[in-house]
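**Student:** model this:
(2 chains)
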Amino acid sequence: DVKVTQSSRYLVKRTGEKVFLECVQDMDHENMFWYRQDPGLGLRLIYFSYDVKMKEKGDIPEGYSVSREKKERFSLILESASTNQTSMYLCASGRMNEQFFGPGTRLTVL
Amino acid sequence: QQPVQSPQAVILREGEDAVINCSSSKALYSVHWYRQKHGEAPVFLMILLKGGEQKGHEKISASFNEKKQQSSLYLTASQLSYSGTYFCGTVTGGGNKLTFGTGTQLKVEL
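**Tutor:** Numbers count the residues shown, from 1 in each chain, chains lettered A, B, ... in the order given. This is a model prediction of the structure:
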């Protein structure tokens, strides 16, 4: 079974803090993705990576950056967290044709 | 631009049928369907490539109308286990990323 794990299920941070969300996959997938999920807005792509050290902006990259130093790990970074970044963050890995999602991190920014 | 899903929500009695629609304003290369049960990660259901094909397994199937730039997901003889939020994702011609719709909440009751 493909396994995608995320470092935290719940996270509470303060406005202005730097936040790191970590994602690890165990299936040697080239592609990894970060989405945020908000009620009524569905899943929106923040960034994706198709190889180590390679990244590409998704639909809503503003306020975020990513890092992929190893194939199995893809990190999402909030440089200076803001309250409008309170959301559920989902990581996925796989091919474009089929993505496997992690359990999500519910981030609250106070 | 996100594809448009309809309806936004639907409640069914066990054994009833449902159709979920997904429409795009751009020419589609492929349509992907995922289901997310409450509190869980989204799970891949199926992919349809341009060509007007219909796919499915057991009582869940989907069609893809390339000319109309839309896809429909058919759930027949619904079961309690079908409850969840259904997302369509689209890859438009020339694109390299998957864009999800806002989701359709399906609830199956006894």
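**Student:** B:I11 against B:K107, yeah?
**Tutor:** Yes. With contact defined as C-beta atoms under 8 Å, B:I11 counts as touching B:K107 (4.8 Å). Bear in mind the C-beta positions are built from the backbone N, C-alpha and C, glycine included.
**Student:** Comparing these two, which shows the higher neighbour count?
**Tutor:** B:K107 (15 against 12; other C-beta atoms under 10 Å in any protein chain shown).
**Student:** From chain A, how far out is the more buried one?
**Tutor:** 16 Å (C-beta to the nearest C-beta, to the nearest Å).
**Student:** Ok, B:S25 next?
**Tutor:** 15 Å.
**Student:** B:T102 too?
**Tutor:** Counting by C-beta to the nearest C-beta, the gap from B:T102 to chain A is 4 Å.
**Student:** if you skip the residues just before and after it, what's nearest to that residue?
**Tutor:** A:G42 (3.9 Å; C-beta to C-beta, 6 or more residues apart in numbering or on different chains).
**Student:** Contact partners for the one you found?
**Tutor:** B:Q2, B:F87, B:F100, B:G101, B:T102, B:G103 (C-beta atoms under 8 Å, 6 or more residues apart in numbering or on different chains).
**Student:** Beta-bridge partners for it, please?
**Tutor:** Beta bridges link A:G42 to A:D38, judged by DSSP bridges.
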